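With the sequence up front, the predicted model follows.
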Amino acid sequence: MREMFISIARYAGRYRTTVFLLFGGLILESLYDVGVRYSMKFVIDKAVVEGDMPALMLILAALGVGAVLFNFVVIACDFYWARIGGRIVNDIRLDMFGHLQSLPVGFYRRQSAGDLTARFNADVGQIENGMVLAFPMAMAGLVEIVTTLALMLFVHPILAGIAAVGILFSLMMPRIVQGKALDASFVLRREEGRMMGFLQENLGGQSVIKAYSLENHASKDFSNRLDELLTKLARANFLSYLVSRLPSLTFLMLQLVVLGVGGWLTINGRITVGDLVAYQALLIGLNSAIHNLTWMIPSFIDATAGWQRIREILDEPMGIQDKPGARDLSRFNQAIEVEKVSFRYPTSEIPTLNKVDLKINAGEYVVFVGRSGAGKSSIINLILRFYEVTEGKITVDGQDLRDVTMSSLRSQIGLVSQEITIFDAPVKDNIRLGALDASDDDVIAAAKAAEIHDLIMSLPEGYDTMAGTSGARFSGGERQRIALARALVRKPAILVLDEFSSALDPTTEAEILQTIVKLKGTCTILSVTHRLTMAETADKVVVMRAGRIVELGAHEELISRKGEYSRLWKRAASEEKGGPANEPAPTPGNSGE
């Protein structure tokens, strides 16, 4: 919890002037509240006992003026606490989002999107609840405890000493179960994140669930998960309630002790009746302050658990960064060279690529083929610098990729992958994501090159038509063409097609292949595919097996060699005719294509 408060204090430090004024407001609130309670001494001893009506009216008038100022200060503090809390929460979300943009691709392959969403919503929401609601009340309670004890010490040191010891015990009691409550809350937050991931998968996989009649199975699975969540929820809530109850139970004993001692002092004439009543009023105020302070502890526990899950993201090592002195890469116009490259994914001990050598000349159409796990996509991932090579190097126009800035490299690459992301935005904005500064004419030219312009113009609002959630308005082939237009609008020197046609039917694939053929010569095209029809028109076919290049050449040349490529081609032809494929399982240990 201490770490969370220190971290939040750093965020609050950006608004230190407002925070100082708010603490000043809390002190004024506390002084007025304590003053109202202690005024009971003067009401009884000076006005009631002596029958002095003018004194009573003066006391009431002073309290009335103070009440007006008190209400003004309270409303102003509430307003600015809400603003400061909202700004701190926004800063946290901004830091999380910015850090997520810097994390490697591998992080997203092992992390549930639903769990990440839960951290942005539920976990940050717990911090927001603690900062906007709990923290001001807790601070007000703390300030009131200090000012009340100071006044009690001034009036009667013995009673103040008894109250101080009792308050110390009251505030120490939560520590008995605070650690367990924090652990239980963290486990609960983690389980809720997993539940979000399950829900996201279920909602996104409804077609499979319905096709295989898995509705009852999914409901039973969800019910079991809810039972597990309930167990963790009950434990976390009970421990949180216990943390907030213990101080109040302790303080009840304190009130009885102070009442007994105060009554004895009053009977013996050591203090007045007004003093006794004022002390009890102050004790009631202390009880309320301790209640506010400790009742907020569960909110702080939940906020701390949320902060721990946020820290897991913020502490995640960033992905590949530009090294000091990295240079911008000039427009690609010569060759990409893969030299003795070996590579293994961080989560695997087995190499995915092994001593690979390859040269790709500018303007070539190169297709990578091979069985699953051969390392095809891994080469593309290394060229894009999603990962660093384990051994060897990759150069572009003679420059090692590790020596150039990633922005200058990736700005020259257009990527169309198997997983197409279309946003619920106008079609033109989906295309313009490839080059945010692209003009409408550039967008239209890219759409024409991707042969999707005519279809877009047939829509009710043309390029302003909303694409729908995940591009629901369009078919799979149309979404691929929009993605292709997005890649082309950036006028790439290198166009990467990573299994982009694997989910398309043969007719749609053939139509898109014709589009790709028309792009030959306008840029260097690198295509990873299982569909060997994509290789027929390629300048160079790279045949891979178990992380090595086993054959290299044009389609006709490789067919005539009757080697690996020829066997793959015959197998593909057999599958199209309905014959057995007999394709071996993927090579063990390889986590990339």
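Yep, that arrived.

Against residue 217, how distant is residue 53?
According to CB to CB, to the nearest Å, residue 53 stands 80 Å off from residue 217. (Each C-beta comes from the backbone N, C-alpha and C, glycine too.)

and what of residue 383?
Applying CB to CB to residue 383 and residue 217 gives a distance of 42 Å.

now swap in residue 565 and tell me
43 Å.

Comparing the two, which shows the higher neighbour count?
residue 565 (24 against 11; other CB atoms under 10 Å).

helix/strand/coil for that one?
What DSSP: H, G, I helix; E, B strand; the rest coil gives for residue 565 is helix.

Provide a list of residues in contact with it.
369, 541, 543, 551, 558, 559 (CB atoms under 8 Å, 6 or more residues apart in numbering).

Cross the residues you listed against helices and list the overlap.
558, 559 (DSSP state H).

Bridging across strands, which residues link to residue 543?
residue 369, residue 551 (DSSP bridges).

ok, it - how many residues close by?
By the criterion of other CB under 10 Å, residue 543 has 26 neighbours.

Check residue 551 too.
Residue 551, neighbours per other CB under 10 Å, totals 19.

same thing with residue 227?
By other CB under 10 Å, the residues close to residue 227 number 9.

which residues are contacting stretch 278-290?
33-34, 37-41, 44, 140-142, 144-145, 148-149, 151-152, 155-156, 159, 163, 167, 170-171, 247-248, 251, 254-255, 258-259, 262, 271.

Among those, name the buried ones.
Using 16 or more other CB atoms under 10 Å as the burial test, the contacts of stretch 278-290 include 33-34, 37-41, 44, 140-142, 144-145, 148-149, 151-152, 155-156, 159, 163, 167, 170-171, 247, 251, 254-255, 258, 262, 271 as buried.

In helices only, show me these.
Those of the buried ones among the contacts of stretch 278-290 lying in helices (DSSP H): 33-34, 37-41, 140-142, 144-145, 148-149, 151-152, 155, 159, 163, 167, 170-171, 247, 251, 254-255, 258, 262.

residue ranges of the helices in the stretch 1-150 of the chain, please?
When assigned using DSSP state H, counting those that start in this stretch, the helices of the stretch 1-150 of the chain occupy the ranges 2-12, 16-42, 53-102, 105-110, 113-118, 124-129, 135-155.

pLDDT score assigned to the closest residue to residue 359 other than its chain neighbours?
Using CB to CB, 6 or more residues apart in numbering and skipping the chain neighbours, the partner closest in space to residue 359 is residue 337 (5.1 Å). On pLDDT, residue 337 comes in at 94.

Give the residue spans of this protein that score low on pLDDT.
By pLDDT under 70, the weakly predicted segments of the chain are 1, 132-133, 204-205, 207-208, 210-213, 244, 501-505, 573-593.

Which parts of it are strands?
335-343, 353-361, 365-370, 391-396, 399-400, 413-417, 494-498, 524-528, 540-545, 548-553 (DSSP state E).

Please produce CSV containing those strands, extended by distance to residue 106.
As requested, those are exported to CSV (distance: least, CB to CB, whole Å):
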stretch, distance to residue 106
strand 335-343, 12
strand 353-361, 16
strand 365-370, 21
strand 391-396, 18
strand 399-400, 22
strand 413-417, 16
strand 494-498, 16
strand 524-528, 18
strand 540-545, 21
strand 548-553, 23
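
between those, which gets nearest to residue 302?
Closest of the strands of the chain to residue 302 is strand 413-417, at 38.9 Å (criterion: CB to CB).

Work out the gap between that closest one and the centre of the chain.
25 Å (CA atoms, centre = their mean, to the nearest Å).

okay, the helices of the stretch 1-150 of the chain in a markdown table with distance to residue 418 next?
Shown next, in a markdown table, are those (distance: least, CB to CB, whole Å):
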| stretch | distance to residue 418 |
| --- | --- |
| helix 2-12 | 40 |
| helix 16-42 | 50 |
| helix 53-102 | 22 |
| helix 105-110 | 14 |
| helix 113-118 | 17 |
| helix 124-129 | 32 |
| helix 135-155 | 47 |
